[in-house]
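Visitor: Fold the following.
(3 chains)
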Amino acid sequence: MPELPEVETVARGLRMVLPGRRIVSVRLGKTDFIDDPAAIERELPGSRIAAVQRFGKFLLIELERGNNGGGAKFSLQVHLGMTGQIVTCRPEARVAPHTHVFFALDDGRELRYTDARRFGRMRILANGERESVLGEQGLDPLEMSEAEFRSKISARRARIKALFLDQHVLRGVGNIYTDESLWRTRIHPKRLGANLKKDELRRLYRMVRAILQEAIRLGGSTVSDYVDAEGEPGEFQLRHRVYMREGKKCFRCGTAIRRAIVAGRSSYFCPRCQPAPRHTNRKKSSRSR
DNA sequence: CTTACGGCCTGGGTGC
DNA sequence: TGCACCCAGGCCGTAA
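Guide: Residues are numbered from 1 along each chain as shown, chains lettered A, B, ... in the order given. Okay, the predicted model is just below:
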């Protein structure tokens, strides 16, 4: 599942080969994950790739229109969803199943998008749309200050798990890195943001950043489909301490790791290291009044 | 307004 | 061999 480290790894890989290339032609398969397929077919051929950026879990391929020099700028925004893969290869390379987008490049190579579930998204972002679309996103975990992080979290009474998954709070963090960060800081996923102690927030701040950076260094986590821009899997899954370890022993205390649905997502935690909050869902108290 | 939750999209894996 | 079911992330509608 591509989260920040995976998308960052893909972006770095693409950055090695794409900038300066021109898109010669576009071929599309299924298009139900593309906002406006006709616009892709119309706008991209002849455009030049200026840069590749990551913004949260979004990949932004910065483009300039065909006219030589000074063409209008726009972006191709790609979200990999759960199973999205974007790789460059030679055009004669075997086409993986569920490959739906082919960009022929002017160096004879091909950029392909493969996505079995098609939970990914692809759209053209006009220069003027950038701010409104990207401006709604939360803090970049690698750039935020501790003070920004603490004020953002402690202002909320939602569960810390929900806050971490909310891209309007932190951009780029998903299920894996949330559970890993909470286990390592011994914080239960159902704790409310506003109830976290200053020291807990400090540890969480440091931990999520350290984990994301280590995961980037290891090329991300490959749990099922994720591969980088060269088609290679990541290695951070070997460092996972709780994610997908239901029933296995906690690396710290040996207690069986539990799985519970929190914020609508599978959440893995150690019931001993990460004590549950007192009353999560206050029901109408039968006593009093 | 904030939060919680269920449903929807698709298809690979699992278990009977 | 078949097949029903679960589940993944993001988004949206609804309810409290």
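Visitor: Next, count neighbours for the residue lying closest to A:Gly174 once chain neighbours are set aside.
Guide: Excluding its sequence neighbours, the residue lying closest to A:Gly174 (C-beta to C-beta, 6 or more residues apart in numbering) is A:Glu3, at 3.6 Å. Backbone N, C-alpha and C define where each C-beta goes, glycine included. Neighbours of A:Glu3 under the rule other C-beta atoms under 10 Å: 22.
Visitor: got a pLDDT number for the nearest residue to A:Ala256 once chain neighbours are set aside?
Guide: Among residues not flanking A:Ala256 along the chain, A:Gly247 sits closest, at 5.5 Å (C-beta to C-beta, 6+ apart). Looking at A:Gly247, its pLDDT is 88.
Visitor: now do A:Tyr268
Guide: 92.
Visitor: For chain A, what lies in contact range of DNA strand B?
Guide: Counting by C-beta under 7 Å from any atom of the strand, the residues of chain A close to DNA strand B are A:32, A:97-98, A:116-119, A:156-159, A:162, A:193, A:263-264, A:281.
Visitor: Now do the SS call for the closest residue to A:Asn195 other than its chain neighbours.
Guide: Nearest-residue entry for A:Asn195: A:Pro277, 6.8 Å, with adjacent residues in sequence omitted and distances by C-beta to C-beta, 6+ apart. Recorded secondary structure, A:Pro277: coil (DSSP: H, G, I helix; E, B strand; the rest coil).
Visitor: ok, residues contacting the worst-scoring helix or strand of chain A on mean pLDDT?
Guide: Every helix and strand of chain A was ranked by mean pLDDT, DSSP states H and E. The lowest is helix A:130-134, at a mean of 81. Residues external to helix A:130-134 that are found in contact with it (C-beta atoms under 8 Å, 6 or more residues apart in numbering): A:55, A:58, A:75, A:77, A:125.
Visitor: Just the buried residues of that helix, please?
Guide: A:130, A:134 (16 or more other C-beta atoms under 10 Å).
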